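> Structure for this input, please:
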Amino acid sequence: MTKKDIDIDEISELIALSSDKEQIKGYLKSLLTPSEVKGIALRWEIFKGLYEGKTQRTVAKELGASLCNVTRGARELKQVDSAVRKFLKKYFEK
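Numbering: from 1, shown residues only. Have a look, this model is predicted:
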């Protein structure tokens, strides 16, 4: 395991310990730059659009995202063990 893996594990564990949405939001905003927050939010919107069945071109156009980024999201959702797809399923079932 590399140091990079350990850091991600610790961050994941920290987020999992809290059920307070505002606390997690504050932590992420402290940890990330404003452009990183914007980038993560854009990726989430890309994933949601693709999960809802929109075409890659439609998602790219609606969000002003590059087709390359949307294609990357589509590849992630096609993976059998996609963690993002599992999160999206939970999100849309709520």
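> Verify the contact between Ile40 and Leu32 for me.
Yes: using C-beta atoms under 8 Å, Ile40 makes contact with Leu32 at a distance of 7.1 Å. C-beta: built from backbone N, CA, C; applies to glycine.
> Show me what the lengthiest helix in the chain is packed up against.
Among the segments of the chain that qualify as a helix by DSSP state H, the longest is helix 34-51. With contacts defined as 3 or more C-beta pairs under 8 Å, 6 or more residues apart in numbering; DSSP states H and E, the packing partners of helix 34-51 are helix 21-31, helix 56-63, helix 67-78, helix 83-93.
> so Ala74 touches Leu50, yeah?
Yes: the pair Ala74 / Leu50 is scored as a contact, 5.5 Å apart, by C-beta under 8 Å.
> For those two, work out which one has more neighbours and name it.
Leu50 (23 against 16; other C-beta atoms under 10 Å).
> What's the separation between that one and Glu93?
Distance, Leu50 to Glu93, by C-beta to C-beta, to the nearest Å: 17 Å.
> Please apply the same query to Gln56.
Remark: distance between Gln56 and Glu93 (C-beta to C-beta) = 24 Å.
> Counting neighbours, go ahead and name the busier of these two.
Comparing Gln56 with Glu93 by other C-beta under 10 Å, the one with more neighbours is Gln56, at 18 against 6.
> hang on, that one packs against Val70?
Yes: shown here, Gln56 and Val70 form a contact pair, counting by C-beta under 8 Å, at 4.6 Å.
> Can you pull the residues that touch both of the two?
Counting by C-beta atoms under 8 Å, 6 or more residues apart in numbering, the residues touching both Gln56 and Val70 are Leu50.
> I'd like to know how far Leu42 sits from Glu13.
According to C-beta to C-beta, Leu42 stands 26 Å off from Glu13.
> Next up, the contacts around the spatially most central residue of the chain.
In the chain, the residue lying closest to the centroid (C-alpha atoms, centre = their mean) is Trp44, at 4.3 Å. Contacts for Trp44 (C-beta under 8 Å, 6+ apart) come out as none.
> Okay then, goodbye and thanks.
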